[in-house]
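Q: Here's a sequence, model it:
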Amino acid sequence: MTKYECGAGKWYGNKPMTSGRIMEWIRNFYPNEEKIEMTIDKAVLSFAGFMVLLSLVLTLAFSEWWLLLTAFVGVNLLQTGFTGFCPAAKIFKKLGVKPGPAF
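A: Below you'll find the predicted structure:
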């Protein structure tokens, strides 16, 4: 087998990519973190990004009125930056997502 160096992890060229091999590569790429966990901060940012992309797809597919969803997400992120209150963070906290540095 041919051994290749890829970033911080080791890669073996002739083995098929399976979910276990992908997780092994991720663990080698992030050596200081035992487990990559979703925190409320990451969940809020991921949800906001998903909603923006969804509204853009809906705008292209159906109506320009879906851009109001993008505006709503932007205003919500802006007011969260100023006030520290985020309704999505409250929902994720009730769903049991672990808290992060911001929420």
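Q: drop to CA atoms for contacts and neighbour counts, all remaining ones
A: Noted.
Q: Now name the helix or strand holding the spatially most central residue of the chain.
A: Geometric centre of the chain, nearest residue: residue 46, 4.0 Å, by C-alpha atoms, centre = their mean. According to DSSP states H and E, residue 46 maps onto helix 40-61.
Q: Give the buried residues for the helix or strand following that helix.
A: Note on helix 40-61: by DSSP H and E, the next helix or strand toward the C-terminus is helix 67-83. For helix 67-83, the neighbour count (16 or more other C-alpha atoms under 10 Å) marks 67, 69-70, 73, 76-77 as buried.
Q: what is the mean pLDDT for helix 67-83?
A: The average pLDDT for helix 67-83 rounds to 95.
Q: And the contacts of it?
A: 48, 51-52, 55-56, 59, 85-86 (C-alpha atoms under 8 Å, 6 or more residues apart in numbering).
Q: By neighbours, which of those wins?
A: Most neighbours among these, by other C-alpha atoms under 10 Å: residue 55, with 22 neighbours.
Q: OK, contacts around residue 98?
A: 38-40.
Q: same thing with residue 59?
A: With C-alpha under 8 Å, 6+ apart, residue 59 has these contacts: 65-67.
Q: Now render the residues you listed as a markdown table, adding distance to residue 81.
A: As requested, the contacts of residue 59 are arranged in a markdown table below (distance: C-alpha to C-alpha, whole Å):
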| residue | distance to residue 81 |
| --- | --- |
| 65 | 26 |
| 66 | 24 |
| 67 | 21 |
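Q: what about residue 65, how many neighbours?
A: So residue 65, with other C-alpha under 10 Å, has 11 neighbours.
Q: Right, I'll call it a day here.
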